[in-house]
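Student: 3D model of this:
(one chain, ligands or ions: 2)
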Amino acid sequence: MGRVLVTGAAGFIGSHLVDALLTDGQRVTGVDCFADYYDRRIKEQNIAAATGHANFRLVEADLNTVDLASLLQDVDLIYHLAGQPGVRGSWGGQFEVYTRNNILATQRLLEAAMNAGHVPLVYASSSSAYGNLPTMPLQEEMTPAPVSPYGVTKLAAEHLCRLYSAVHGLPTISLRLFTVYGPRQRPDMAFQRFLTAVLENREIAIYGDGCQTRDFTFVADVVQAFQLAGAACRAGQHEGGLFNIAGGTRASVNQILEQIAMTTDRQPLKRCFPAQPGDVRDTWANTRWTAASLGFSAQVTLADGLEHQWRHVNRQV
Ligand code: NAD
Ligand code: UGA
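Tutor: Ligands and ions are numbered 1, 2, ... in the order given. Okay, here's the model as predicted:
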(Lines give C-alpha, C1' and ligand atoms only; values in the text may rest on other atoms or scores of the structure.)
(Ligands and ions follow the chains in the order given, each with its own letter.)
Protein backbone atom coordinates (compact mmCIF):
# COMPACT_ATOMS: atom_id res chain seq x y z
CA MET A 1 0.00 0.00 0.00
CA GLY A 2 1.06 3.58 -0.68
CA ARG A 3 1.04 6.48 1.72
CA VAL A 4 -2.02 8.27 3.04
CA LEU A 5 -2.05 12.07 2.70
CA VAL A 6 -3.77 14.04 5.47
CA THR A 7 -4.26 17.74 4.71
CA GLY A 8 -4.69 19.99 7.74
CA ALA A 9 -2.60 17.43 9.67
CA ALA A 10 -1.60 19.80 12.49
CA GLY A 11 -5.17 20.95 13.14
CA PHE A 12 -7.63 19.73 15.75
CA ILE A 13 -9.28 16.88 13.82
CA GLY A 14 -6.44 16.24 11.35
CA SER A 15 -3.90 15.54 14.12
CA HIS A 16 -6.20 12.96 15.75
CA LEU A 17 -6.67 11.27 12.38
CA VAL A 18 -2.90 11.16 11.81
CA ASP A 19 -2.38 9.53 15.24
CA ALA A 20 -5.03 6.89 14.51
CA LEU A 21 -3.64 6.08 11.05
CA LEU A 22 -0.13 5.66 12.48
CA THR A 23 -1.47 3.40 15.24
CA ASP A 24 -3.13 1.42 12.45
CA GLY A 25 0.31 0.86 10.87
CA GLN A 26 -0.19 3.14 7.86
CA ARG A 27 2.46 5.36 6.30
CA VAL A 28 1.26 8.95 6.48
CA THR A 29 2.25 12.26 4.91
CA GLY A 30 0.77 15.29 6.62
CA VAL A 31 0.54 18.70 5.01
CA ASP A 32 -0.33 21.88 6.86
CA CYS A 33 0.50 25.56 6.32
CA PHE A 34 0.12 26.42 10.02
CA ALA A 35 -2.42 29.12 9.17
CA ASP A 36 -2.43 31.96 11.70
CA TYR A 37 -6.13 31.54 12.64
CA TYR A 38 -4.84 30.38 16.02
CA ASP A 39 -1.47 30.00 17.75
CA ARG A 40 0.91 27.73 15.80
CA ARG A 41 2.33 26.40 19.10
CA ILE A 42 -1.01 24.67 19.69
CA LYS A 43 -0.70 22.99 16.28
CA GLU A 44 2.91 22.00 16.99
CA GLN A 45 1.70 20.32 20.19
CA ASN A 46 -1.13 18.61 18.28
CA ILE A 47 1.31 16.95 15.89
CA ALA A 48 4.24 16.49 18.30
CA ALA A 49 3.73 12.77 18.98
CA ALA A 50 3.33 11.93 15.29
CA THR A 51 6.40 13.92 14.29
CA GLY A 52 8.68 11.42 16.02
CA HIS A 53 7.08 8.44 14.29
CA ALA A 54 9.10 6.59 11.62
CA ASN A 55 6.04 6.26 9.34
CA PHE A 56 5.19 9.98 9.42
CA ARG A 57 6.38 12.85 7.26
CA LEU A 58 5.18 16.43 7.82
CA VAL A 59 5.29 18.95 4.98
CA GLU A 60 4.73 22.57 5.99
CA ALA A 61 3.13 24.04 2.88
CA ASP A 62 0.05 25.80 1.53
CA LEU A 63 -2.17 23.67 -0.73
CA ASN A 64 -2.63 26.70 -2.97
CA THR A 65 1.07 26.85 -3.90
CA VAL A 66 2.78 23.55 -3.06
CA ASP A 67 3.87 21.19 -5.88
CA LEU A 68 0.97 18.75 -5.52
CA ALA A 69 2.26 16.32 -8.15
CA SER A 70 5.35 15.67 -6.00
CA LEU A 71 3.30 15.55 -2.81
CA LEU A 72 0.99 12.90 -4.28
CA GLN A 73 3.73 10.59 -5.51
CA ASP A 74 3.20 7.20 -3.82
CA VAL A 75 -0.07 8.44 -2.21
CA ASP A 76 -3.12 6.18 -2.64
CA LEU A 77 -5.66 7.94 -0.40
CA ILE A 78 -6.26 11.58 0.55
CA TYR A 79 -8.05 12.80 3.66
CA HIS A 80 -8.71 16.48 2.95
CA LEU A 81 -9.24 18.37 6.20
CA ALA A 82 -7.21 21.54 5.51
CA GLY A 83 -9.40 24.59 5.47
CA GLN A 84 -10.44 27.80 7.15
CA PRO A 85 -12.98 26.84 9.83
CA GLY A 86 -15.30 28.95 12.02
CA VAL A 87 -18.75 30.20 11.03
CA ARG A 88 -18.90 33.52 12.88
CA GLY A 89 -15.68 35.03 11.48
CA SER A 90 -16.43 34.38 7.84
CA TRP A 91 -18.09 37.72 7.03
CA GLY A 92 -16.48 40.82 5.54
CA GLY A 93 -12.87 40.90 4.38
CA GLN A 94 -12.17 37.45 5.85
CA PHE A 95 -14.22 35.83 3.08
CA GLU A 96 -11.18 35.95 0.82
CA VAL A 97 -9.32 33.64 3.24
CA TYR A 98 -12.31 31.26 3.32
CA THR A 99 -12.54 31.25 -0.47
CA ARG A 100 -8.83 30.57 -0.90
CA ASN A 101 -8.47 27.84 1.72
CA ASN A 102 -11.84 26.11 1.32
CA ILE A 103 -12.72 26.42 -2.36
CA LEU A 104 -9.59 27.17 -4.38
CA ALA A 105 -7.35 24.80 -2.40
CA THR A 106 -9.92 21.99 -2.76
CA GLN A 107 -10.27 22.50 -6.51
CA ARG A 108 -6.48 22.48 -6.93
CA LEU A 109 -6.21 19.27 -4.87
CA LEU A 110 -9.00 17.56 -6.84
CA GLU A 111 -7.25 18.37 -10.14
CA ALA A 112 -3.99 17.00 -8.79
CA ALA A 113 -5.66 13.85 -7.41
CA MET A 114 -7.18 13.24 -10.84
CA ASN A 115 -3.89 13.81 -12.64
CA ALA A 116 -2.00 11.57 -10.20
CA GLY A 117 -4.01 8.53 -11.32
CA HIS A 118 -7.37 9.13 -9.66
CA VAL A 119 -6.29 9.08 -6.02
CA PRO A 120 -9.45 8.68 -3.86
CA LEU A 121 -10.29 11.65 -1.62
CA VAL A 122 -12.41 11.99 1.54
CA TYR A 123 -13.48 15.57 2.23
CA ALA A 124 -14.25 17.17 5.63
CA SER A 125 -17.44 19.07 4.89
CA SER A 126 -19.67 20.68 7.46
CA SER A 127 -23.17 20.65 8.95
CA SER A 128 -23.15 24.39 8.28
CA ALA A 129 -23.89 23.56 4.63
CA TYR A 130 -27.50 22.89 5.71
CA GLY A 131 -28.37 26.29 7.23
CA ASN A 132 -31.70 26.71 9.04
CA LEU A 133 -33.94 24.17 7.30
CA PRO A 134 -37.59 23.81 8.38
CA THR A 135 -37.46 20.04 8.95
CA MET A 136 -35.40 18.07 11.47
CA PRO A 137 -33.48 15.79 11.67
CA LEU A 138 -31.25 16.89 8.80
CA GLN A 139 -30.88 14.41 5.94
CA GLU A 140 -28.35 14.37 3.14
CA GLU A 141 -30.94 14.68 0.35
CA MET A 142 -32.39 17.95 1.71
CA THR A 143 -31.67 21.07 -0.33
CA PRO A 144 -29.00 22.98 1.59
CA ALA A 145 -29.22 26.73 2.26
CA PRO A 146 -26.21 27.85 4.32
CA VAL A 147 -26.57 30.95 6.52
CA SER A 148 -22.85 31.79 6.82
CA PRO A 149 -20.23 32.59 4.18
CA TYR A 150 -18.20 29.73 5.70
CA GLY A 151 -21.09 27.33 5.00
CA VAL A 152 -21.23 28.58 1.42
CA THR A 153 -17.55 27.76 0.89
CA LYS A 154 -17.87 24.29 2.46
CA LEU A 155 -20.91 23.54 0.29
CA ALA A 156 -19.08 24.77 -2.82
CA ALA A 157 -16.14 22.47 -2.11
CA GLU A 158 -18.52 19.58 -1.48
CA HIS A 159 -20.10 20.20 -4.89
CA LEU A 160 -16.64 20.21 -6.46
CA CYS A 161 -15.97 16.77 -4.94
CA ARG A 162 -19.26 15.44 -6.30
CA LEU A 163 -18.51 16.98 -9.69
CA TYR A 164 -15.03 15.47 -10.03
CA SER A 165 -16.59 12.08 -9.26
CA ALA A 166 -19.50 12.49 -11.67
CA VAL A 167 -17.57 13.99 -14.59
CA HIS A 168 -14.04 12.62 -14.17
CA GLY A 169 -14.64 9.40 -12.22
CA LEU A 170 -12.48 10.53 -9.30
CA PRO A 171 -13.56 8.59 -6.17
CA THR A 172 -14.61 11.14 -3.54
CA ILE A 173 -16.72 11.05 -0.39
CA SER A 174 -17.82 14.12 1.58
CA LEU A 175 -18.53 13.89 5.30
CA ARG A 176 -20.73 16.56 6.85
CA LEU A 177 -19.25 16.84 10.33
CA PHE A 178 -21.49 18.15 13.11
CA THR A 179 -19.79 20.39 15.73
CA VAL A 180 -16.77 18.33 16.78
CA TYR A 181 -15.34 18.49 20.31
CA GLY A 182 -12.73 16.75 22.45
CA PRO A 183 -9.04 17.15 23.34
CA ARG A 184 -7.18 19.65 21.08
CA GLN A 185 -10.42 21.42 20.12
CA ARG A 186 -9.75 24.79 18.44
CA PRO A 187 -9.54 27.70 20.88
CA ASP A 188 -12.38 29.58 19.14
CA MET A 189 -14.92 26.78 19.69
CA ALA A 190 -17.53 26.69 22.46
CA PHE A 191 -16.39 23.77 24.67
CA GLN A 192 -12.76 24.90 24.66
CA ARG A 193 -13.73 28.47 25.49
CA PHE A 194 -16.19 27.37 28.20
CA LEU A 195 -13.84 24.90 29.90
CA THR A 196 -10.88 27.29 29.81
CA ALA A 197 -13.05 30.06 31.29
CA VAL A 198 -14.21 27.73 34.11
CA LEU A 199 -10.62 26.73 34.83
CA GLU A 200 -9.47 30.36 34.97
CA ASN A 201 -12.59 31.52 36.84
CA ARG A 202 -13.61 33.85 34.00
CA GLU A 203 -17.03 34.64 32.56
CA ILE A 204 -18.39 32.51 29.72
CA ALA A 205 -19.81 34.40 26.74
CA ILE A 206 -23.21 33.02 25.71
CA TYR A 207 -24.42 34.04 22.26
CA GLY A 208 -28.20 34.61 22.18
CA ASP A 209 -30.49 32.86 24.66
CA GLY A 210 -28.40 29.69 24.93
CA CYS A 211 -31.34 27.61 23.69
CA GLN A 212 -29.67 26.94 20.32
CA THR A 213 -28.84 23.24 19.91
CA ARG A 214 -26.05 21.24 18.29
CA ASP A 215 -25.60 17.55 17.54
CA PHE A 216 -22.16 17.48 19.20
CA THR A 217 -19.68 14.86 17.97
CA PHE A 218 -16.65 13.52 19.85
CA VAL A 219 -13.45 13.66 17.81
CA ALA A 220 -12.66 9.91 18.11
CA ASP A 221 -16.02 9.16 16.50
CA VAL A 222 -15.14 11.53 13.65
CA VAL A 223 -11.80 9.74 13.19
CA GLN A 224 -13.64 6.41 13.00
CA ALA A 225 -15.93 7.91 10.34
CA PHE A 226 -12.96 9.08 8.25
CA GLN A 227 -11.37 5.64 8.40
CA LEU A 228 -14.61 3.93 7.32
CA ALA A 229 -15.06 6.44 4.50
CA GLY A 230 -11.42 6.01 3.45
CA ALA A 231 -11.87 2.24 3.15
CA ALA A 232 -15.08 2.72 1.11
CA CYS A 233 -13.44 5.30 -1.13
CA ARG A 234 -10.45 3.04 -1.77
CA ALA A 235 -12.87 0.23 -2.68
CA GLY A 236 -14.58 2.54 -5.19
CA GLN A 237 -17.84 2.58 -3.18
CA HIS A 238 -20.20 5.56 -2.80
CA GLU A 239 -18.38 7.70 -5.40
CA GLY A 240 -19.42 11.32 -5.02
CA GLY A 241 -21.31 10.36 -1.84
CA LEU A 242 -22.34 12.58 1.04
CA PHE A 243 -22.76 11.47 4.65
CA ASN A 244 -23.78 13.07 7.97
CA ILE A 245 -21.32 12.40 10.78
CA ALA A 246 -22.84 13.25 14.15
CA GLY A 247 -22.62 12.18 17.76
CA GLY A 248 -26.32 11.66 18.38
CA THR A 249 -26.09 13.77 21.54
CA ARG A 250 -28.04 16.89 20.64
CA ALA A 251 -27.95 19.51 23.41
CA SER A 252 -28.51 23.23 23.87
CA VAL A 253 -25.73 25.56 24.97
CA ASN A 254 -27.57 25.95 28.31
CA GLN A 255 -27.63 22.16 28.76
CA ILE A 256 -23.90 22.08 27.96
CA LEU A 257 -23.28 24.53 30.80
CA GLU A 258 -25.22 22.27 33.18
CA GLN A 259 -23.11 19.31 32.06
CA ILE A 260 -19.94 21.39 32.48
CA ALA A 261 -20.98 22.22 36.06
CA MET A 262 -21.30 18.48 36.77
CA THR A 263 -18.04 17.56 35.01
CA THR A 264 -15.92 20.28 36.57
CA ASP A 265 -17.76 20.53 39.90
CA ARG A 266 -17.72 24.31 39.46
CA GLN A 267 -20.52 26.75 38.68
CA PRO A 268 -19.84 28.52 35.34
CA LEU A 269 -20.11 32.32 35.37
CA LYS A 270 -22.28 33.39 32.42
CA ARG A 271 -22.57 36.60 30.46
CA CYS A 272 -25.04 36.99 27.58
CA PHE A 273 -24.19 38.56 24.24
CA PRO A 274 -26.36 39.01 21.14
CA ALA A 275 -26.87 36.03 18.82
CA GLN A 276 -24.11 35.98 16.20
CA PRO A 277 -24.73 36.37 12.47
CA GLY A 278 -23.88 33.12 10.72
CA ASP A 279 -24.81 30.85 13.64
CA VAL A 280 -27.54 28.36 12.77
CA ARG A 281 -30.27 27.91 15.34
CA ASP A 282 -30.22 24.11 15.58
CA THR A 283 -28.48 21.08 14.18
CA TRP A 284 -29.63 17.49 14.52
CA ALA A 285 -28.52 14.79 12.12
CA ASN A 286 -30.20 11.72 10.76
CA THR A 287 -27.30 9.25 10.51
CA ARG A 288 -29.25 6.25 9.22
CA TRP A 289 -27.76 6.47 5.72
CA THR A 290 -24.24 6.72 7.18
CA ALA A 291 -24.84 3.71 9.45
CA ALA A 292 -26.26 1.61 6.62
CA SER A 293 -23.61 2.58 4.05
CA LEU A 294 -20.40 3.02 6.03
CA GLY A 295 -21.21 1.09 9.22
CA PHE A 296 -20.71 4.23 11.31
CA SER A 297 -22.13 4.61 14.79
CA ALA A 298 -20.98 7.16 17.36
CA GLN A 299 -19.65 5.57 20.55
CA VAL A 300 -18.85 8.41 22.93
CA THR A 301 -21.49 10.07 25.13
CA LEU A 302 -21.46 13.78 25.80
CA ALA A 303 -20.63 13.25 29.49
CA ASP A 304 -17.64 11.01 28.70
CA GLY A 305 -16.39 13.22 25.85
CA LEU A 306 -16.60 16.36 27.94
CA GLU A 307 -14.70 14.62 30.74
CA HIS A 308 -11.89 13.77 28.26
CA GLN A 309 -11.72 17.37 27.07
CA TRP A 310 -11.78 18.76 30.65
CA ARG A 311 -8.80 16.53 31.58
CA HIS A 312 -6.95 17.73 28.47
CA VAL A 313 -7.65 21.40 29.26
CA ASN A 314 -6.25 20.84 32.76
CA ARG A 315 -3.07 19.29 31.32
CA GLN A 316 -2.61 22.27 28.95
CA VAL A 317 -2.13 24.86 31.74
P1 NAD B 1 -8.21 23.43 12.34
O2 NAD B 1 -8.11 24.88 11.99
O3 NAD B 1 -7.76 23.01 13.69
O4 NAD B 1 -7.48 22.55 11.24
C5 NAD B 1 -7.38 22.94 9.88
C6 NAD B 1 -5.91 22.95 9.48
O7 NAD B 1 -5.81 23.26 8.10
C8 NAD B 1 -5.10 24.02 10.23
O9 NAD B 1 -4.04 23.41 10.97
C10 NAD B 1 -4.59 24.94 9.14
O11 NAD B 1 -3.27 25.43 9.39
C12 NAD B 1 -4.65 24.05 7.91
N13 NAD B 1 -4.83 24.79 6.65
C14 NAD B 1 -5.75 25.76 6.39
N15 NAD B 1 -5.62 26.20 5.13
C16 NAD B 1 -4.60 25.47 4.56
C17 NAD B 1 -3.99 25.47 3.28
N18 NAD B 1 -4.38 26.29 2.31
N19 NAD B 1 -2.96 24.62 3.06
C20 NAD B 1 -2.54 23.79 4.04
N21 NAD B 1 -3.07 23.74 5.29
C22 NAD B 1 -4.11 24.58 5.54
O23 NAD B 1 -9.75 23.04 12.12
P24 NAD B 1 -10.56 21.71 12.51
O25 NAD B 1 -11.59 22.09 13.50
O26 NAD B 1 -9.62 20.60 12.79
O27 NAD B 1 -11.32 21.42 11.12
C28 NAD B 1 -10.76 20.56 10.14
C29 NAD B 1 -11.69 20.53 8.94
O30 NAD B 1 -12.97 20.03 9.32
C31 NAD B 1 -11.93 21.90 8.31
O32 NAD B 1 -11.99 21.75 6.91
C33 NAD B 1 -13.30 22.31 8.85
O34 NAD B 1 -13.98 23.17 7.97
C35 NAD B 1 -13.99 20.95 8.95
N36 NAD B 1 -15.04 20.91 9.96
C37 NAD B 1 -14.75 21.09 11.28
C38 NAD B 1 -15.76 21.00 12.24
C39 NAD B 1 -15.49 21.17 13.71
O40 NAD B 1 -16.47 21.14 14.48
N41 NAD B 1 -14.25 21.36 14.15
C42 NAD B 1 -17.05 20.71 11.83
C43 NAD B 1 -17.33 20.58 10.48
C44 NAD B 1 -16.31 20.65 9.54
C1 UGA C 1 -18.52 24.32 14.54
C2 UGA C 1 -17.15 24.63 13.90
O3 UGA C 1 -16.56 25.77 14.48
C4 UGA C 1 -17.26 24.84 12.42
O5 UGA C 1 -15.94 24.89 11.86
C6 UGA C 1 -18.00 23.69 11.84
O7 UGA C 1 -18.07 23.71 10.49
C8 UGA C 1 -19.37 23.60 12.47
O9 UGA C 1 -19.19 23.34 13.87
C10 UGA C 1 -20.20 22.48 11.91
O11 UGA C 1 -20.77 21.69 12.65
O12 UGA C 1 -20.31 22.41 10.70
P13 UGA C 1 -20.32 25.77 15.79
O14 UGA C 1 -21.50 24.86 15.77
O15 UGA C 1 -20.59 27.23 15.79
O16 UGA C 1 -19.33 25.51 14.56
O17 UGA C 1 -19.44 25.32 17.05
P18 UGA C 1 -18.99 26.07 18.37
O19 UGA C 1 -18.06 27.18 18.07
O20 UGA C 1 -18.51 25.02 19.30
O21 UGA C 1 -20.35 26.72 18.91
C22 UGA C 1 -21.43 25.92 19.41
C23 UGA C 1 -22.52 26.84 19.91
O24 UGA C 1 -22.03 27.57 21.04
C25 UGA C 1 -23.00 27.89 18.91
O26 UGA C 1 -24.38 28.00 18.99
C27 UGA C 1 -22.37 29.19 19.38
O28 UGA C 1 -23.17 30.33 19.13
C29 UGA C 1 -22.25 28.96 20.87
N30 UGA C 1 -21.10 29.69 21.46
C31 UGA C 1 -19.86 29.52 20.96
C32 UGA C 1 -21.33 30.54 22.52
O33 UGA C 1 -22.46 30.72 22.99
N34 UGA C 1 -20.26 31.19 23.07
C35 UGA C 1 -18.98 31.03 22.59
O36 UGA C 1 -18.04 31.65 23.15
C37 UGA C 1 -18.77 30.17 21.52
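
Student: Below-threshold pLDDT in the stretch 151-300 of the chain: ranges please.
Tutor: Of all residues in the stretch 151-300 of the chain, none has pLDDT under 70.

Student: Which parts of it are helices?
Tutor: 190-199, 219-234, 253-264, 288-294 (DSSP state H, counting those that start in this stretch).

Student: could you check the angle helix 253-264 makes with the first one?
Tutor: Think helix 190-199. Here helix 190-199 points in a direction 50 degrees away from that of helix 253-264 (axes from the mean of the first three to the mean of the last three C-alpha atoms, to 10 degrees).

Student: Near ligand 2, which residues of the stretch 101-250 of the chain? Just list them.
Tutor: Counting by C-beta under 6 Å from any ligand atom, the stretch 101-250 of the chain comes close to ligand 2 at 126-128, 177-179, 189-190, 193, 205-207, 212, 214. All C-beta spots, glycine's among them, are computed from the backbone N, C-alpha and C.

Student: Could you dump the helices of the stretch 151-300 of the chain into TSV and include distance to residue 134?
Tutor: Output for these, formatted as TSV (distance: least, C-beta to C-beta, whole Å):
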stretch	distance to residue 134
helix 190-199	25
helix 219-234	27
helix 253-264	22
helix 288-294	20
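
Student: So which of those is the most surrounded?
Tutor: Most buried of those, by mean neighbour count (mean count of other C-beta atoms under 10 Å): helix 219-234, with a mean of 22.

Student: Contacts for it next, please.
Tutor: 4, 12-13, 16-17, 20-21, 24, 76-77, 79, 120-122, 124, 171-173, 175, 177, 180-185, 238, 241, 243, 245, 247, 290, 293-296, 298-300 (C-beta atoms under 8 Å, 6 or more residues apart in numbering).

Student: Repeat that for stretch 140-152.
Tutor: Here stretch 140-152 has contacts from 84-91, 95, 98, 102, 126, 128-133, 135, 154-155, 176, 242-244, 277-280, 289, using C-beta under 8 Å, 6+ apart.

Student: quick one: the strands in the stretch 101-250 of the chain?
Tutor: 121-126, 172-177, 180-181, 203-207, 213-218, 241-245, 249-252 (DSSP state E, counting those that start in this stretch).

Student: For these, give me a markdown table that also has mean neighbour count.
Tutor: A markdown table is the format used below for the strands of the stretch 101-250 of the chain (neighbours: other C-beta atoms under 10 Å):
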| stretch | mean neighbour count |
| --- | --- |
| strand 121-126 | 28 |
| strand 172-177 | 27 |
| strand 180-181 | 27 |
| strand 203-207 | 16 |
| strand 213-218 | 24 |
| strand 241-245 | 25 |
| strand 249-252 | 18 |
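
Student: could those be laid out in TSV, adding distance to residue 226?
Tutor: Output for the strands of the stretch 101-250 of the chain, formatted as TSV (distance: least, C-beta to C-beta, whole Å):
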stretch	distance to residue 226
strand 121-126	6
strand 172-177	7
strand 180-181	11
strand 203-207	29
strand 213-218	12
strand 241-245	8
strand 249-252	19
